[in-house]
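Pasting the sequence and the predicted coordinates here, then a few questions.
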Amino acid sequence: MSWVILVVAGLLEIGWAIGLKYTEGFSRLWPTLFTIAALVASFTLLGVALRTLPVGTAYAVWVGIGAIGTAVFGMFVFGEAATPMRLISLILICAGIVGLKLAST
């Protein structure tokens, strides 16, 4: 169950990272409130997952999910570059997440 909680925390990290873009420097109320709510929920769930998962593994997976999701969202929604090197790097992050999961079982 801790892994499911960790994945949800990572998905919420994507939400608050993307939300930062929409706050326009925290000058827009609703995007700012969404961003803060997602941030608090993400950190809370990370903390819950850390009850049973190793801190290094959980943190790396949480950050990895957030980084991959935010980068992919940026490519599809904001038209950011999807260069071969960038895609290879994201694949390597995915491989690291899978490796950490396999190493922790």
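Thanks, I have it.

How about the contacts made by the residue most central in space within the chain?
A centroid search over the chain (C-alpha atoms, centre = their mean) returns residue 66, at 1.6 Å, as the residue closest to the centre. Contact analysis of residue 66 by C-beta atoms under 8 Å, 6 or more residues apart in numbering lists 10, 13, 14, 17. Glycine gets a C-beta too; all of them are placed from N, C-alpha and C.

how many neighbours does the first one have?
Same thing as residue 10. 25 (other C-beta atoms under 10 Å).

what do you get for the last one?
Residue crowding around residue 17 was assessed by other C-beta under 10 Å; the count is 20.

ok, the closest residue to it other than its chain neighbours - contacts?
Nearest residue to residue 17, sequence neighbours excluded (C-beta to C-beta, 6 or more residues apart in numbering): residue 70, at 4.5 Å. Taking C-beta under 8 Å, 6+ apart, we find residue 70 in contact with 13, 14, 17, 18.

before we move on, back to that, will you turn the contacts of residue 66 into CSV that also has pLDDT and secondary structure?
Below are the contacts of residue 66 laid out as CSV (pLDDT from 0 to 100; DSSP: H, G, I helix; E, B strand; the rest coil):
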residue, pLDDT, secondary structure
10, 98, helix
13, 98, helix
14, 98, helix
17, 97, helix
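
Quickly check the residues you listed for the two that are furthest apart.
10 and 17 (10.5 Å; C-beta to C-beta).

anything in contact with each of the two?
Joint contacts of residue 10 and residue 17 (C-beta under 8 Å, 6+ apart) are 66, 69.

what sits up against stretch 47-57?
Residues contacting stretch 47-57 (C-beta under 8 Å, 6+ apart): 2, 3, 5, 6, 9, 58, 62, 100, 101, 103, 104.

Count residues in the vicinity of the third one, would you?
Using other C-beta under 10 Å, residue 5 has 20 neighbouring residues.

and the residue nearest to residue 17, what pLDDT?
Reported pLDDT at residue 70 in the predicted model: 97.
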